[in-house]
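Visitor: Provided below for reference: sequence and predicted model.
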Amino acid sequence: PPILDALLDPAPPPLQQTPEDALVASCLRLDRTTAARLVADHPDLVDRVESTQAPMSIAVERGRLDALALLAELGFVPNHRRRTTALHTAAAQGDVEAVRALLALGADPDRPDTEFDATPLGWARHGGHAEVAALLEPLTSAG
């Protein structure tokens with residue numbers, strides 16, 4: 001049967017990635033060459049990725065703070081919001097270094113999420129992350 005043949009194939013076909021997934025993956029691997037080529041080949045790719053994914057939030061979730069600068073260089077913005085921003089993600093995780101990195105890239109500490117209308121400060125407080133809250137308080141209008 002074809003399914004058995006596929007399972008027993010010693011050299012399965014390579015996984016096919018969409019350009020969107022390939023761009024995010026290359027950024028997380030810090031593969032500037034591939035990322036730049038993908039953006040050059042697909043001028044609207046950054047917009048397409050941001051309409052379906054949140055690459056800066058993904059980088060924060062995976063602890064890949066080194067990828068944030070590359071994402072920013074390619075045109076991704078820290079204030080992009082699907083439901084939350086990358087700063088909300090960092091605040092919810094209590095990740096002080098991620099918060100600092102995102103603020104340095106221009107993340108807006110007053111931007112609310114779309115579900116609770118809460119700022120990253122609110123998420124930090126809700127999660128009991130006092131160090132992140134203390135960092136955000138003087139930067140927000142709700143501090």
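Guide: Structure received.
Visitor: So Arg111 sits against Thr119, correct?
Guide: Yes - counting by Cβ atoms under 8 Å, Arg111 does reach Thr119; the two are 6.9 Å apart. In short, each C-beta sits where N, CA and C put it, glycine included.
Visitor: the more surrounded of those two?
Guide: The neighbour count for Arg111 versus Thr119, taken as other Cβ atoms under 10 Å, is higher for Thr119 (25 against 17).
Visitor: Thr119 and Thr140 touch, don't they?
Guide: Yes - with contact defined as Cβ under 8 Å, Thr119 reaches Thr140; the gap is 5.8 Å.
Visitor: Spit out the residues that contact those two alike.
Guide: The contact sets of Thr119 and Thr140 overlap at 109-110 (Cβ atoms under 8 Å, 6 or more residues apart in numbering).
Visitor: ok, and the helix or strand in the chain with the lowest average confidence?
Guide: Between all helices and strands in the chain, the lowest mean by mean pLDDT, DSSP states H and E belongs to helix 2-8, at a mean of 65.
Visitor: So which bits of the following helix or strand past it are buried?
Guide: The helix or strand immediately downstream of helix 2-8 is helix 19-28, counting by DSSP states H and E. Neighbour counts using 16 or more other Cβ atoms under 10 Å place 20, 22-28 of helix 19-28 among the buried residues.
Visitor: swap in stretch 108-125?
Guide: For stretch 108-125, a neighbour-count test (16+ other Cβ under 10 Å) marks 108-109, 111-113, 118-125 as buried.
Visitor: what does stretch 59-66 give?
Guide: Buried, per 16+ other Cβ under 10 Å, within stretch 59-66: 59-61, 64-65.
Visitor: Tell me where the protein has strands.
Guide: With DSSP state E as the criterion, the chain has no strands.
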